[in-house]
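Colleague: sequence first, predicted model second:
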Amino acid sequence: MDDSLQKLADIVDGKLIGTSDTLIRGVANIAAATEGDITFLVNEKFLSHLAGTKASAVILKAQYADECPVSAIVVDDPYLSYAKIATFLTREKNIPTGIHPTAVVSDTAVVDATAWVGPNVVIEDGAVINAGVRLEGNCYIGKRVIIGKDTQVKANVAVYYGTEIGERCLFHCGAVIGSDGFGLANDNGSWFKIPQLGNVIIANDVEIGANSAIDRGAIDNTIIHDGVKIDNLVHIAHNVEIGEHTALAACVGIAGSTKIGKHCTAGGGAAITGHIEIADNVHLGGMAMVTKAIKEAGAYSSGIPAEPASQWRKNVVRFRQFEKMEKRIKLLENELKSIKGSKIE
Amino acid sequence: MDDSLQKLADIVDGKLIGTSDTLIRGVANIAAATEGDITFLVNEKFLSHLAGTKASAVILKAQYADECPVSAIVVDDPYLSYAKIATFLTREKNIPTGIHPTAVVSDTAVVDATAWVGPNVVIEDGAVINAGVRLEGNCYIGKRVIIGKDTQVKANVAVYYGTEIGERCLFHCGAVIGSDGFGLANDNGSWFKIPQLGNVIIANDVEIGANSAIDRGAIDNTIIHDGVKIDNLVHIAHNVEIGEHTALAACVGIAGSTKIGKHCTAGGGAAITGHIEIADNVHLGGMAMVTKAIKEAGAYSSGIPAEPASQWRKNVVRFRQFEKMEKRIKLLENELKSIKGSKIE
Amino acid sequence: MDDSLQKLADIVDGKLIGTSDTLIRGVANIAAATEGDITFLVNEKFLSHLAGTKASAVILKAQYADECPVSAIVVDDPYLSYAKIATFLTREKNIPTGIHPTAVVSDTAVVDATAWVGPNVVIEDGAVINAGVRLEGNCYIGKRVIIGKDTQVKANVAVYYGTEIGERCLFHCGAVIGSDGFGLANDNGSWFKIPQLGNVIIANDVEIGANSAIDRGAIDNTIIHDGVKIDNLVHIAHNVEIGEHTALAACVGIAGSTKIGKHCTAGGGAAITGHIEIADNVHLGGMAMVTKAIKEAGAYSSGIPAEPASQWRKNVVRFRQFEKMEKRIKLLENELKSIKGSKIE
């Protein structure tokens, strides 16, 4: 089921230069593409490959159209247009529906006839699985979980009781949603567990990466708003709230009750302390250590990049001598002042 | 099955002010609580909500009792008392027992009649599942694993062969216990795997968070003592030993053969090197980088908090110039000394 | 099935001193070993235990042979020899084969008769499971996955469609292979998902730790070469390539399209940015923050080790005052120059 170049151009409102009925079969990078492939030119460093590309068509900006030896779809944002065209070209056909005979579905759960419940999936009492939802093998869906239309849950995902999930979400393998928050009260030296009675509320179009974990709220809920994208191995603690269209790269950790704004991004390994607020449009660098509220939009970073270990060891020692260094400078300043003073006299 | 206020006050040895037979249904925060709820006042910043609370009762300190418009349970530690009361109020009724027909239980495994083995759980040869244990859907329990009374294992947890687990533990979804330690011997440039022949021993009242991983020992055992609490995505390497009532927040990593004391805490993302000892009552800040033994109780931290990226870039450059700075100060000191010297002459 | 000391010595080309037909049953550390155990002496700090060891034999270097009170296997590298002997001694007998009746295997999947497919394993269409492969309980093997000979996949592992895995690999519980890379295009403030169309290619003798995640490529493949060893909770992003015999400790994160050389090592929690190249034989310290290419072999580190929190707070303040400090030094230098200048005149 190949698609015509015209059809693909229409999807992205692009200007087609070339043969509109050329059939496109797949996508490839500009150097590896062969006949039947569409490719794209986003980064100027690949411009040298354009003249020799074997692709049937290239998605590119107007400024490169003249240099394109094959058909072209001219757009303002080739990367976004590529994403849309590739999504269309690789859309799945023959999507399964129904409940696999090995799935264990509670009598009180409701599963839409157009949903797919894969092998060995467990669905507990009162859960609601809406139209077009796909649950892959070995998922666990707890009591009273609600999963909105067309959400995909990959294999081995676990969703605790009471979690509410919106439409068109995508949860990757091993993700855990709704685990207990880390709430502990000190009881004469031992820890007494604070029961975690809130839920996790996930809005629409949220993606959660492999082996990430999102805790349920302590009393109120943990809330992930529309369009939030979360990469692998990310930790979201209890009562966190993440604003619309914020994206968190892998290994990010967010401590309890922190509220992240809209349209934020966090680089891999960034860690954000609890009980603070991060404004909209804040962009954190990788491994950024955020210890207090950020009230202004903008880019924030921390951490000292790696250097040869011998050099690093010296700098660590110096860092420890800051205070002494400060004192030596102060002393120099005072002595100099006294020298200059004595000259004036 | 609601509980009387008197009953709740008794649980925490609290002084009841108000109507002892008021029935309490649930818990809520002080602003959201309605009739039938009990709430609590821990943090003074919520004091302004006390006068207007719609709760049926408030758990609070004596100093606020006069201001409470409804019934009160007066205690020294409202947070701990809240935890105890909420735990009691939300205790589960109708706890399941038995073995789900889809579970795969070895003939040589022993499962107590009061335990619950959920759907698709796999229990291998020689495992022992004691009274009141609950294994949720899709768990994997390896050969000869022993699980003590009343321990709860949530969905999709994997426990390797030989692991010994105490009573009243709680393991969250996706946790892995007993995976091989990362032991490698260099064999002419390639890695030869050191067989990991020890076990993991987990004592009583231990909680392990979602997607955390605890490796088995290389020859001896990895040991987690009574009352240890471990959050999500924590890594515990082979032969680590963690002392009683220590709590590790999310994303902490502990390298091999390190011994952590009792009553310690580690903030999120803290990383501790291998083969060292951490004393009792040590408290590590978030992202603390621990590279050597800590012998004294106390608080330890590292890391430079995030700052605007433009400022950060300058400071990174300066950090690299430490050595030069040091030399410039030294030169200034020497010159000043020679100036002062010349004046004396 | 015990093995003779001679047999064990032969495995490592060691020189046997003592009784060749002594039967060895197991391994233990030098202090805990009893009759029937073999032990080893690698670290000089355990030398004091040699004279009193109760082991039946010790693996050690020639220089300690005279002090050994029992049989000895003399080798150049006792740690590596221990690994080889322990692997042999603890080899599994009675390895299962066949397909457990609860496994769900597609009609179009091919499973070798000598492979083991455990309970509740799901194998999708077109997958190929080669000779000697072992899939433990609750694994998920996606469409067209190929798993090479003698690879072991522990419980609850998920492998996405199209992944190619070599021979003798070992994947620990909860590992996820082939999840979507974190590719997003900004579409007027919301994120449009870039379809992830590449695969993951894993060569021979690769070990992947518990709950680690390896993303599939965006267009081209993510590639893990021969002999790579990956610890727990490691994140490998899309299109990363990792060279032969590189070892990554727990909690390492590698961002997209980065290429790591051969024979590298990364300490726990190291984070490597995207789109860079790391040379062969590079060794990164724990928590190293790698923000640009490393072209020379060698050791690299970053991060300031933890210190008492009160001291740390002061140093953080100083770090922020770098720029001011620099200016004060500059001023001192200028003033001194003018003083010296004035003296010359």
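Modeller: Cool, the structure landed.

Colleague: who does the residue nearest the centre of chain A form a beta bridge with?
Modeller: Closest to where the C-alpha atoms of chain A average out (CA atoms, centre = their mean) is residue A:230, at 2.8 Å. With DSSP bridges applied, the residues forming beta bridges to residue A:230 are residue A:208, residue A:248.

Colleague: might one say that it is in contact with residue A:206?
Modeller: Yes: with contact defined as CB atoms under 8 Å, residue A:230 reaches residue A:206; the gap is 7.4 Å. The C-beta positions use only the backbone N, C-alpha and C, and glycine is treated the same way.

Colleague: who touches both of the two?
Modeller: Shared contacts of residue A:230 and residue A:206, defined by CB atoms under 8 Å, 6 or more residues apart in numbering or on different chains, are found at residue A:224.

Colleague: and the residue nearest to the centre of chain A, what does it touch?
Modeller: Taking CB under 8 Å, 6+ apart, we find residue A:230 in contact with A:206, A:207, A:208, A:209, A:212, A:224, A:236, A:247, A:248, A:252.

Colleague: the fifth one: neighbouring residues, count only.
Modeller: This points to residue A:212. Residue A:212 is surrounded by 30 other residues when neighbours are defined as other CB atoms under 10 Å in any protein chain shown.

Colleague: which one is it nearest to, not counting chain neighbours?
Modeller: Closest residue to residue A:212 in three dimensions, ignoring its sequence neighbours and counting by CB to CB, 6 or more residues apart in numbering or on different chains: residue A:234, at 4.3 Å.

Colleague: what's around the one you found, how many residues?
Modeller: The burial count for residue A:234: 29, using other CB under 10 Å.

Colleague: got it, and residue A:3?
Modeller: 17.

Colleague: looks like it contacts residue A:23 (just checking).
Modeller: Yes: Residue A:3 is in contact with residue A:23 according to CB under 8 Å; the separation is 7.1 Å.

Colleague: kindly check the end-to-end length of stretch A:145-162 for me.
Modeller: Its first and final residues considered, stretch A:145-162 spans 5 Å by CA to CA, to the nearest Å.

Colleague: does chain C sit close to that stretch?
Modeller: Yes: Stretch A:145-162 lies within reach of chain C by CB under 8 Å from any CB of the partner chain, at A:154, A:155, A:156.

Colleague: looking at those, which are in strands?
Modeller: The strands in this structure, assigned by DSSP state E, contain none of the residues of stretch A:145-162 next to chain C.

Colleague: just the element for residue A:96, please.
Modeller: With secondary structure defined by DSSP states H and E, residue A:96 is part of neither a helix nor a strand.

Colleague: would you map the helices across chain A?
Modeller: A:5-11, A:78-89, A:309-320, A:322-344 (DSSP state H).

Colleague: now the third one: buried residues?
Modeller: Translated: helix A:309-320. Going by neighbour count (16 or more other CB atoms under 10 Å in any protein chain shown), the buried part of helix A:309-320 is A:309, A:312, A:315, A:316, A:318, A:319.

Colleague: for it, which helices and strands make contact with it?
Modeller: Identification of packing neighbours for helix A:309-320 by 3 or more CB pairs under 8 Å, 6 or more residues apart in numbering or on different chains; DSSP states H and E yields helix B:309-320, helix B:322-344, strand C:298-301, helix C:309-320.

Colleague: change it to 6 Å
Modeller: strand C:298-301 (3 or more CB pairs under 6 Å, 6 or more residues apart in numbering or on different chains; DSSP states H and E).

Colleague: check the shortest one too.
Modeller: For helix A:5-11, the elements it packs on are helix A:78-89, judged by 3+ CB pairs under 6 Å, 6+ apart.

Colleague: buried residues of the helix it packs on, list them for me.
Modeller: Within helix A:78-89, the residues that qualify as buried are A:78, A:79, A:80, A:81, A:82, A:83, A:84, A:85, A:86, A:89, counting by 16+ other CB under 10 Å.

Colleague: need the residues that contact stretch A:246-256.
Modeller: With contact meaning CB atoms under 6 Å, 6 or more residues apart in numbering or on different chains, stretch A:246-256 is reached by A:228-240, A:260, A:264-274, B:250-251, B:268-269, C:235, C:253.

Colleague: from these, which land in strands?
Modeller: With strands taken from DSSP E, the overlap with the contacts of stretch A:246-256 comprises A:229, A:230, A:235, A:236, A:260, A:265, A:266, A:271, A:272, C:235, C:253.
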